[in-house]
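[1] the sequence and its predicted three-dimensional model are supplied below.
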Amino acid sequence: MAVLVWAPESAISHMAAGALWSLEGCAQGSVDLLTHRGRRPTAEWITLHRTSRLEPFDITMIGPIRVTTTTRTLVDLCGILDRDGVEPAMDDALRRGLASLPRLRWAASRLGGRGRPGARLLRELLEERSPTSTPPAGALESRVRKLLKQVGLPEPAPQFEIRDHGKLLARVDFADPDLKLAIEAEGYRYHSGRMAWQRDLARRNKLTTRGWRVLHVTWDDLTTHPADLVPEIRGALVARVSGRT
């Protein structure tokens, strides 16, 4: 609020805006300020980002705070973060309906010209997502999707609904319905507590009794020993193909 009193024509942006929007991976820190005026920061906790392209539709309000829209925030984040930093935030915004692929593509065409920091990364992220793609439900699923692509494995359908005679049994992170193979990306903060544990066991029982195999992937699997994970996933796919034939 103090920064915006000092620069009322500006807006909170970049990582600070991501934190205000509670985007995945955006932590609170210094106050990022997007401005088109030649100002100089008056405190070390202020990070100024100067731009010649700051339109009224790039700015919105969160309570009394002027902040860049999620679309503009994601574009700006591409200029200061690498893929691992931007991708979880983008997927989070898409999943929660805070941004859309058409709006991001329009922003990329307007702001992502040659020479702009992060323009190439923004184009790559958008090219990898078709207009009908389903954003993964968190950074963990993003890593799983990226790993499958890197090793040349076929990507199962994301956020797949498994039904039995029309009744929803479960929504799994990834699935190959032909092989009845489900891959679940397990993050501790989403699966903690006895009630959640009991609910997950009952859900898994429903799937296994109907011929589904559920393969669980954890954050530790992906970050500590991903090389061990690849043959495990490939083996599950091969086993399912052999069992079907």
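    Happy to help now that I have it. Numbers count the residues shown, from 1 in each chain.
[2] give me the residue at the spatial middle of the chain.
    Central residue of the chain (CA atoms, centre = their mean): residue 91, 2.4 Å from the mean position.
[3] host element of it?
    Using DSSP states H and E, residue 91 falls within helix 83-95.
[4] avg pLDDT for that helix?
    Average pLDDT, helix 83-95: 89.
[5] buried residues, the next helix or strand after it. List them.
    Note on helix 83-95: by DSSP H and E, the next helix or strand toward the C-terminus is helix 101-111. The neighbour-count check on helix 101-111 (16 or more other CB atoms under 10 Å) flags 101, 104, 105, 107, 108, 111 as buried. (C-beta placed from N, C-alpha, C; glycine too.)
[6] again with stretch 7-22
    Here stretch 7-22 shows 7, 10-21 as buried, counting by 16+ other CB under 10 Å.
[7] now the longest strand seen in the chain: how far from the chain's centre is it?
    Assignment by DSSP state E gives strand 167-176 as the longest strand of the chain. Mean-position distance between strand 167-176 and its chain equals 20 Å (CA atoms, centre = their mean, to the nearest Å).
[8] which helices and strands does that strand pack with?
    helix 139-150, strand 157-164, strand 181-186, helix 194-208 (3 or more CB pairs under 8 Å, 6 or more residues apart in numbering; DSSP states H and E).
[9] need these in CSV with mean neighbour count, mean pLDDT and distance to residue 78, can you?
    Below are these laid out as CSV (neighbours: other CB atoms under 10 Å; pLDDT from 0 to 100; distance: least, CB to CB, whole Å):
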stretch, mean neighbour count, mean pLDDT, distance to residue 78
helix 139-150, 19, 75, 15
strand 157-164, 14, 88, 23
strand 181-186, 22, 81, 24
helix 194-208, 12, 74, 35
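[10] export the ones you listed as a markdown table, with columns for distance to residue 70.
    Formatted as a markdown table, the helices and strands packed on strand 167-176 follow (distance: least, CB to CB, whole Å):
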| stretch | distance to residue 70 |
| --- | --- |
| helix 139-150 | 17 |
| strand 157-164 | 20 |
| strand 181-186 | 23 |
| helix 194-208 | 29 |
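[11] looking at the ones you listed, which is nearest to residue 222?
    Among the helices and strands packed on strand 167-176, the nearest to residue 222 by CB to CB is helix 139-150 (4.7 Å).
[12] can I see the domain layout of this protein?
    Listed by automatic domain parsing, the domain ranges of the chain are 2-127, 139-244.
[13] mean pLDDT lowest where, among those domains?
    domain 139-244 has the lowest average pLDDT among the domains of the chain, namely a mean of 76.
[14] now do that domain: distance to the chain's middle.
    Centroid separation between domain 139-244 and its chain, computed with CA atoms, centre = their mean, is 18 Å.
[15] need the contact list for residue 31.
    Counting by CB atoms under 8 Å, 6 or more residues apart in numbering, residue 31 touches 3, 12, 16, 45, 46, 47.
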